[in-house]
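Colleague: Can you look at this prediction? I've put the sequence above it.
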Amino acid sequence: MTTRCSGMALAAVLSLTTVSSTLAAAGRDAFLSLAPPALAAGQVWTREVDLSWTTPDSLTALTFAVERSTNGTTFTVVDSVSTTVAAVAGLAPGTTYWFRVRAFDANGTSSFSNVVQAVTRACSPSALTESPPSELSLDHAESKSTDWCGAVFDRSASLFARFSVSDLPPCVSGTCDLPATRDGTPRNPIAVRVLVHVMRETDGSGGVSGALVDSMIAQMNRDFAPHAIRVDEVATLFHDDSQFATLATRDQLAAMKDAYSQSPSQNLNLFISAAALPFDGVGTLPWDPDALASQGGIWLNSNLVDGVHHSASHELGHCLGLYHTFHGTDEVKSCAAACYEPATGANADASGDLCSDTRSTPRNFSCADPGGCDCAGTPWGATPLHNIMGYGPALCVNEFTPQQERRMLCWARAALGSIIVNLAGVEPPIAERADPAMWTAGLGEPSGTARVWYALPSPGRATLALYDVRGRRVVTLVDRDETAGKHELRWDGRDGAGGRTSPGMYLLRIAAAGGSASGKLVMVR
């Protein structure tokens with residue numbers, strides 16, 4: 001991630017030097033021209049205290065300095081706000097604090113408010129580590145409509161015009177976030193067209209191999225196949241351009257996308273490069289205005305491109321509308337935020353990641369449930385540590401939930417329709433060609449069968465076989481003399497011995513007199 005958010009809630013960005021100098025310039029000790037605020041403590045959490053106050057003075061041009069003490073005597077400025085509320089975060093659990101507030105403007109300052117005392121809720125230490133293991137992907141769905149460490153959305157008319165939803169709840173970005181719409185989305189299989197860009201040095205050195213890209217795509221299909229989603233690799237392009245071989249700034253990342261993105265409204269562009277950035281992956285949320293433009297798509301650090309990590313799947317999850325599983329905890333501004341998701345799971349369909357079947361969790365970089373508790377002191381308990389949209393180690397991560405599946409299918413059709421293919425009932429046109437051709441529709445029909453089309457340029461013997469991703473033959477579907485032209489068959493999902501095969505990606509290969517052709521097929525039971 002670009003910024004690391006400390007504690008269970010996010011403190012406002014402070015500029016203590018600015019506050020102090022402003023107070024001095026206003027004559028803080030010279031004269032008092034404003035009435036002291038009347039301070040009160042609101043909600044008290046494990047790591048945050050919410051404060052509010054009143055003042056008889058006009059709020060126009062007023063600023064308030066919020067001070068905190070751990071002994072009731074020595075106070076330190078911790079926030080400067082222009083409203084009459086503040087959430088003081090980053091506190092220690094089970095600790096006594098004292099607070100006071102002072103108003104100031106260009107003409108002077110007030111005396112301090114009354115002092116209020118608050119004791120944060122007790123909680124055992126969290127199991128989270130400040131610095132995750134280096135092999136983990138510190139990725140984040142960067143979006144112009146979302147703060148890096150917040151839940152603030154751009155609700156511009158142009159962004160939401162296509163959803164025809166009025167008066168959206170505070171944590172909702174579009175119609176697919178509504179539980180009834182999400183769960184009512186039909187489970188019709190889709191394919192996402194992915195165009196891969198590998199950045200290398202100008203002399204052709206560096207970058208990743210095509211074999212590693214294929215392994216990454218295979219891993220993505222293993223992750224998405226059980227959820228009626230297939231990843232189709234349109235092509236892998238290698239770009240020899242040293243200015244983008246290793247990225248060090250966000251400006252470089254943006255410039256690379258502008259320079260090499262191709263048909264972003266038709267392909268999901270996935271960029272791979274080395275990097276010296278504080279995050280290792282970026283996926284664009286589907287409601288972002290850039291989703292179908294050059295700045296959309298995915299970027300991955302090249303050290304995560306293989307057949308082991310789930311980082312590419314994680315970022316594609318963002319592109320298909322999924323938040324982090326910890327979106328309602330470490331990515332909200334305050335424990336009192338409307339989108340905060342408590343450990344109890346209350347209102348989980350309308351807060352956090354908007355999926356009630358992914359339990360609330362803080363960021364978790366381990367293969368075990370975290371210790372500690374939520375803002376209200378409730379232990380986290382069992383959390384979605386195996387979920388692909390968390391930050392768990394690669395060997396622990398292996399699943400999306402049913403509600404996440406329906407969110408992805410819904411958002412793909414609502415916002416990304418031009419870069420996905422609806423597989424059910426797809427029958428591609430047949431063109432004149434000098435070698436065999438093949439298309440597949442995936443296992444998505446009520447009968448549980450897959451439709452496979454192939455075309456032969458001339459009559460003769462044809463052999464069509466299905467292989468798993470390790471290259472082992474699963475079943476021979478065709479081994480006979482065929483006429484020239486288009487043919488269709490259906491596969492019932494069974495291997496050569498009659499047993500049911502597992503969900504996942506499979507490879508098809510047809511060989512005939514005119515040559516051979518390959519295709520991909522994803523079983524989605």
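Modeller: That came through fine. Residues are numbered from 1 along each chain as shown.
Colleague: Which parts of the stretch 51-200 of the chain are helices?
Modeller: Ranges of helices within the stretch 51-200 of the chain are 157-160, 179-183, based on DSSP state H, counting those that start in this stretch.
Colleague: what's the least confident stretch among those?
Modeller: Here these differ in mean pLDDT, and the lowest is helix 157-160 at a mean of 28.
Colleague: right, and the secondary structure at the nearest residue to Gln243 once chain neighbours are set aside would be what?
Modeller: Computed as C-beta to C-beta, 6 or more residues apart in numbering, the closest residue to Gln243 that is not its neighbour in sequence is Gln252, at 7.4 Å. No exception for glycine: its C-beta is placed from N, CA and C like everyone else's. Of the three states, Gln252 takes helix according to DSSP: H, G, I helix; E, B strand; the rest coil.
Colleague: pretty sure Val308 contacts Ala394?
Modeller: Yes: shown here, Val308 and Ala394 form a contact pair, counting by C-beta atoms under 8 Å, at 5.3 Å.
Colleague: Who has more neighbours out of the two?
Modeller: A direct count of neighbours by other C-beta atoms under 10 Å for Val308 and Ala394 places Ala394 higher, at 16 against 13.
Colleague: where does the more buried one land on pLDDT?
Modeller: 86.
Colleague: what do you get for Ile190?
Modeller: pLDDT, Ile190: 89.
Colleague: That one reaches Leu409, doesn't it?
Modeller: Yes: the criterion here is C-beta under 8 Å, and Ile190 meets it with Leu409 at 6.7 Å.
Colleague: Touching both of those two, which residues are there?
Modeller: When contacts are counted by C-beta atoms under 8 Å, 6 or more residues apart in numbering, Ile190 and Leu409 are jointly contacted by 228-229.
Colleague: Can you get me the start-to-end distance on stretch 170-187?
Modeller: 28 Å (C-alpha to C-alpha, to the nearest Å).
Colleague: Show me which positions of it end up buried.
Modeller: 171-179, 181-182, 185 (16 or more other C-beta atoms under 10 Å).
Colleague: from those, which is closest to Asp290?
Modeller: Ser173 (14.5 Å; C-beta to C-beta).
Colleague: State the helix or strand in which the spatially closest residue to that closest one that is not a sequence neighbour lies.
Modeller: Nearest non-adjacent residue to Ser173, counting by C-beta to C-beta, 6+ apart: Trp287, 4.9 Å away. For Trp287, there is no helix or strand it lies in under DSSP states H and E.
Colleague: Per-residue confidence at the residue nearest to Gln243, what does it come out as?
Modeller: Gln252 is assigned a predicted lDDT (pLDDT) of 95.
Colleague: So it sits against Phe244, correct?
Modeller: Yes: contact criterion C-beta under 8 Å: Gln252 and Phe244 qualify, at 6.5 Å.
Colleague: More neighbours: which of the two?
Modeller: Phe244 (22 against 17).
Colleague: in terms of contact, does Thr63 touch Val101 like I think?
Modeller: No: the pair Thr63 and Val101 does not pass the contact test of C-beta under 8 Å, sitting 10.7 Å apart.
Colleague: more crowded one of those two?
Modeller: Just comparing Thr63 and Val101: by other C-beta under 10 Å the higher neighbour count belongs to Val101, 26 against 19.
Colleague: Which stretches in the stretch 51-200 of the chain count as strands?
Modeller: In the stretch 51-200 of the chain, the strands defined using DSSP state E, counting those that start in this stretch lie at 63-69, 76-81, 85-89, 96-105, 108-110, 116-119, 190-200.
Colleague: just how off-centre is the fifth one within its chain?
Modeller: On the basis of C-alpha atoms, centre = their mean, to the nearest Å, strand 108-110 sits 45 Å off its chain's mean C-alpha point.
Colleague: can you check stretch 324-344 too?
Modeller: That offset, for stretch 324-344, works out to 15 Å (C-alpha atoms, centre = their mean).
Colleague: What is the end-to-end distance of that stretch?
Modeller: 18 Å.
Colleague: for stretch 315-327, same thing?
Modeller: 15 Å.
Colleague: Identify each buried residue in it, please.
Modeller: 315-327.
Colleague: Buried ones in stretch 233-251, by neighbour count?
Modeller: In stretch 233-251, counting by 16+ other C-beta under 10 Å, buried: 233-234, 236, 238-240, 244-247.
Colleague: Sort out for me which of those residues are in helices.
Modeller: Using DSSP state H to define helices, no part of the buried residues of stretch 233-251 is located there.
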